[in-house]
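>>> Mind folding the following:
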Amino acid sequence: QVFSQHCPFLMGPIEGLADMVTPDTDIQVTLSIFELASAAGIPCEVDPALVTALAGHRTEGSSPEEDYKVSCLLLVFVAVSLPLLAADPAATYSPELDGYTNNLHCLAKAIAQVGAALFTVHNKNIESHLKEFLLVCPVSL
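Down below sits the predicted model:
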């Protein structure tokens, strides 16, 4: 906010670039724009640092298809484990913390960010995979 007030001529183009990103934009261009926007303090749909970290930790000797399947299975595992997390005795709301004692309130953002980064690494449609995740969740609940 301070940067926008003191350097609007610099922040304006960066915000404009970030607003122009669509799902059809090339993944490398999208990551470059998000990295610039993130460095300027603008929140992004996909965390470029997380994408870089996940891309660097691919399993050696496995094909990209296998890594993609593991990413999909990770979301299924999270969806199936949601009832167990919700039934955990530490999943109680604490007014002094303004959240849950086991940080359960952070789970939705974590799923969205990690899912977006995983499927960005594999150059897949993030929205469709997160919709599939939402379809699997009620089955396990």
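
>>> any weak-confidence spans in this structure?
Within the chain, the stretches with pLDDT under 70 are 59.

>>> So which residue is dead centre in it?
Central residue check for the chain by Cα atoms, centre = their mean: the C-alpha nearest the mean position is that of Gln113, 1.3 Å away.

>>> Could I get the contacting residues of that residue?
Val46, Asp47, Leu50 (Cβ atoms under 8 Å, 6 or more residues apart in numbering). To be clear about C-beta, it is placed using only N, CA and C from the backbone, and glycine gets the same treatment.

>>> Let me know how buried the second one is, in neighbour terms.
Using other Cβ atoms under 10 Å, Asp47 is surrounded by 19 other residues.

>>> again, but for the last one
Other residues lying near Leu50 total 16 when counted by other Cβ under 10 Å.

>>> Run the chain-centre distance for stretch 86-102.
How far stretch 86-102 lies from its chain's middle: 23 Å, per Cα atoms, centre = their mean, to the nearest Å.

>>> Repeat that for stretch 43-52.
7 Å.

>>> Just the buried residues of that stretch, please?
Going by neighbour count (16 or more other Cβ atoms under 10 Å), the buried part of stretch 43-52 is Cys44, Val46, Asp47, Pro48, Leu50, Val51.

>>> Check stretch 73-84 too.
The neighbour-count check on stretch 73-84 (16+ other Cβ under 10 Å) flags Leu75, Val78, Ala79, Leu82 as buried.

>>> Looking at those residues, which are in helices?
Members of these lying in helices (criterion: DSSP state H): Leu75, Val78, Ala79, Leu82.

>>> Which of these sits closest to Lys109?
For those, the residue nearest Lys109 by Cβ to Cβ is Val78; the value is 12.9 Å.

>>> The closest one - nearest residue in space that isn't next to it in sequence?
Nearest residue to Val78, sequence neighbours excluded (Cβ to Cβ, 6 or more residues apart in numbering): Ile111, at 6.1 Å.

>>> how deep is Leu134 tucked in, by neighbour count?
When neighbours are counted by other Cβ under 10 Å, Leu134 registers 9.

>>> I misspoke; the intended subject was Ser71.
19.
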